[in-house]
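Peer 1: Please find the sequence and the predicted model below.
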Amino acid sequence: MASVKRKPITPDPEPDLVWYGLKRLGFDETAVPLSGNRTKDQLAIETIAFRIAHAEHEGGLGRFGHFKQIVDLTWNNPDSGSQKRCVWNAWANRMFRKMCEERELGIAGPTSAGKSDPAALYGVVSYMTDPTHTLVLVMSTTIAGAKKRIWKTLREYWESIPGMPGKALWASNEIKGLNYSGTGYGESSGMYLLASEQSNEKSALDKLIGIKAPRTGFPDESFEGLMAKPEYADLRAHFDEETLRDLVPRLDAFSQDRIGKLILIIDEMTGMVESLLNAVNTNLKPGNVGHFQIIGLGNPNLPYDSFGQFCKPKGGWDKVDLLRETEWETETGGLCIRFNGEENPRIAEKNERYSWMLREEDIRAMEEKYGRDSLFFHRMVLGTWCLTGSSSGIYSPADIELSGARGTEVVWGVKAPTPCSFLDPSFSAGGDRAYATFGKVGVDVHGRTVLLITEGVTLKINISDTHVPASYQTVRQWKKLCEERGVRPEHAGYDATGGGQPFGHIVQSLWSPQVLGVNSAGPASKTKLPGEFHPGTKKPVLACERFSNRATELWYGAHPLFRSRQIFGVSEDLAKELCSRQHSKIGSGQTQGGDARTLKVENKRAYRDREGKSPDESDSFLGLVELCKQRLGLRHDVTGDPDAVVAASHGSSVWRQLKERARRISNRKNLKKG
């Protein structure tokens, strides 16, 4: 049908109430019964406008504008009796606006940025404006922590206004929602607190999986079906078809036959266990299309934790200047906004009313203590991810993300690559599962020898089989997997540390003596380190001169290959595990990073106590790197590592060069978009 122009919106006749043109949409005294109390009646009008996101071109203020009106009429109104106020400021306004506009939003910022307060208030307003059809789930690392932060703030906003439409049960951390008849309370709607840490993983998963937005039925799917309803017949006189196709579905949300909203707010998302994020992406989002909103808050840490994955830029971390850009589209189609503590409103406006925000002297003290390039300063002040990682980490995200190791495509040369595999048995010191890594080694079209990781497999043991010992089951499974993938015994290896010697006899017996056993115990070897020379003498630095033991040497073994872009196929899980292994504390009289044997990897017990699991996947990967060095000619290619050439010519440390390179290429000017 032909498009017709909209009639101009004329001013509303009532001088005391602002209707924003809603009367022309059918929202008059009949649809919004007036009480005679101007504040309550205006609040009812603002509520309708907020729910339908009444845009400025329609006569409204936009969703954020009406949200602001609701807050001012409810909490910032002296006549409301509320003891809780919302302090508007540039940062809060930006957060509120994006929460009103985006279905998937990450909010990254420094400490004391005031992220939790806006999120709590947004949740309360979303529920109170539609209490029968809004379900708000609030998650934080721990229940105890949430009661001091976001849930505490939510409770303050709730209790400051008498007669809120719900039944608060603070002892059980829930507010039961108003039922559809408005006569009682139930769990279809309301506000609920959940813990997201590992110890509460099962309980949270049980509540998240399969949950649906509250509904009383199903709205008509077609535009024609909606327009057939008598309540919308008069709209044809005011709007063209294009406008109606956008407007009518929103208005239909007010009928009793509709689907509501499911809002998930995650505070301290850096501590959220990864399985819960997977449940969100595989259950909540697909099961609530068009009715689900997720808001994640946090102080950025590693790009591989749940918050980092949630906020990962579209196209990868190297497509964003993390020190300059303040928002970007995420890999899953959402938006991440970032706040820099050095530019907070307390400093920018010199306004001490924002007393919770960092002062300049606080920032300078942290810079002096931790250094501007430290992970701590990035996280707590700059409010962004630090790809160069922590000084205590053996690998940083920059080593992996900026080396191209996450890529999975390799163009091989004339000769086909050689399949290879390495097994980390479950009985290895500190291990808890048998894990095999598979890969291919060969020469690419650039003439470099490269390693492509193709697969990682956890071997499953049948504990009920009392006739075949676990070690025999492991070897037979691994051998079968290798044969299926074309891995010859001379191109396979296993961890021969600890219980590995008797395990080696089983490997030799069931498969072949040609399989390589790699022992990580004892001192480091006398292997020359690529690009490392003693100052003055130019003598090559040996591994035993740099590393405290053989385990540390193996753990550092991939560093030169990452620098020269000779490793590909590193998964996100493997990258996360590599970056989470730390240095061990050094002894007295030693200096980390010097020419003495100061580098030492932490033991597996310390890692497991902190991370809750053993680094089996990374151990298997690094074992494969060692196998490829010994058996398949994988060597550091200096032509692919300009910094190694510089290091060699100046006699400086490759490890320092690597950090300097990571910092340089993190600069926007040195990055090229793909």
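Peer 2: In hand now; what should we look at?
Peer 1: Please count neighbours and contacts with C-alpha atoms only from this point.
Peer 2: Will do.
Peer 1: what about residue 418, how many residues close to it?
Peer 2: Applying other Cα atoms under 10 Å, we find 17 residues neighbouring residue 418.
Peer 1: Numbering from 16 from now on, please.
Peer 2: From this message on, residue numbering opens at 16, which makes the last subject residue 433.
Peer 1: which residues touch it?
Peer 2: Shown in contact with residue 433 (Cα atoms under 8 Å, 6 or more residues apart in numbering): 455, 456, 457, 502.
Peer 1: Now compare the residues you listed and name the two farthest from each other.
Peer 2: Across those, no pair lies farther apart than 457 and 502, at 13.7 Å, counting by Cα to Cα.
Peer 1: Which one's more surrounded, those two?
Peer 2: residue 457 (24 against 20).
Peer 1: right, and the helix or strand after the helix or strand hosting the more buried one?
Peer 2: Using DSSP states H and E, residue 457 falls within strand 449-458. The first helix or strand that comes after strand 449-458 along the chain, using DSSP H and E, is strand 464-474.
Peer 1: tell me what that following strand is packed against?
Peer 2: On a contact count with 3 or more Cα pairs under 8 Å, 6 or more residues apart in numbering; DSSP states H and E, strand 464-474 meets strand 449-458, helix 485-499, strand 582-583.
Peer 1: Show me the contact partners of stretch 210-223.
Peer 2: Contacts of stretch 210-223 (Cα under 8 Å, 6+ apart): 154-158, 209, 286-288, 290-291, 294-295, 298-299.
Peer 1: Return the subset of the residues you listed lying in helices.
Peer 2: Among these, the members found in helices (DSSP state H) are 158, 290, 291, 294.
Peer 1: Could you chop the chain up by domain?
Peer 2: If you go by automatic domain parsing, the domain ranges for the chain are 25-89, 99-230+274-372, 231-272, 373-415, 416-685.
Peer 1: Could you count how many residues lie near residue 250?
Peer 2: A count of neighbours around residue 250, defined by other Cα under 10 Å, yields 17.
Peer 1: hmm, back to that, quick check: mean pLDDT across the strand holding residue 457?
Peer 2: Taken as a whole, strand 449-458 has a mean pLDDT of 96.
Peer 1: Strand partners (parallel or antiparallel) of that strand?
Peer 2: Using DSSP bridges, the strands paired with strand 449-458 are strand 433-439 (antiparallel), strand 464-474 (antiparallel).
Peer 1: next one: it to chain centre, how far?
Peer 2: Remark: strand 449-458 is offset 28 Å from the chain centroid, using Cα atoms, centre = their mean, to the nearest Å.
Peer 1: can you give me the angle that strand makes with helix 485-499?
Peer 2: In terms of direction (axes from the mean of the first three to the mean of the last three Cα atoms, to 10 degrees), strand 449-458 departs from helix 485-499 by 30 degrees.
Peer 1: With only the CA atoms kept, save strand 449-458 in CSV.
Peer 2: What follows is strand 449-458, C-alpha atoms only, in CSV (Å, rounded to 0.1, in the frame of the first residue of the first chain):
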residue,chain,number,x,y,z
ALA,A,449,45.4,-38.1,30.2
TYR,A,450,45.5,-35.6,27.4
ALA,A,451,46.9,-36.0,23.9
THR,A,452,47.7,-33.1,21.5
PHE,A,453,47.9,-33.7,17.8
GLY,A,454,49.5,-31.5,15.2
LYS,A,455,51.3,-31.3,11.9
VAL,A,456,54.8,-30.1,11.2
GLY,A,457,56.1,-29.0,7.8
VAL,A,458,57.5,-26.3,5.6
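Peer 1: returning to that earlier point: can you flag the weakest of the domains of the chain by average pLDDT?
Peer 2: Here those differ in mean pLDDT, and the lowest is domain 231-272 at a mean of 74.
Peer 1: How far does it sit from its chain's centre?
Peer 2: Centre to centre, stretch against its chain (Cα atoms, centre = their mean), the figure for domain 231-272 is 38 Å.
Peer 1: returning to that earlier point: so for residue 329, which of the helices and strands packed on strand 464-474 sits nearest?
Peer 2: Nearest to residue 329 among the helices and strands packed on strand 464-474 is strand 582-583 (20.0 Å), distances taken as Cα to Cα.
Peer 1: For the closest one, which strands pair with it and how are they oriented?
Peer 2: Strand 582-583 pairs in its sheet with strand 464-474 (parallel), by DSSP bridges.
Peer 1: Any buried residues in the strand it pairs with, and which?
Peer 2: 464, 465, 466, 467, 468, 469, 471, 473, 474 (16 or more other Cα atoms under 10 Å).
Peer 1: what does stretch 631-648 give?
Peer 2: Residues of stretch 631-648 classed as buried by neighbour count (16+ other Cα under 10 Å): 631-643, 647.
Peer 1: can you put those residues in TSV and add distance to residue 185 and secondary structure?
Peer 2: Shown next, in TSV, are those (distance: Cα to Cα, whole Å; DSSP: H, G, I helix; E, B strand; the rest coil):
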residue	distance to residue 185	secondary structure
631	42	helix
632	43	helix
633	44	helix
634	46	helix
635	48	helix
636	48	helix
637	50	helix
638	52	helix
639	53	helix
640	54	helix
641	56	helix
642	58	helix
643	59	helix
647	63	coil
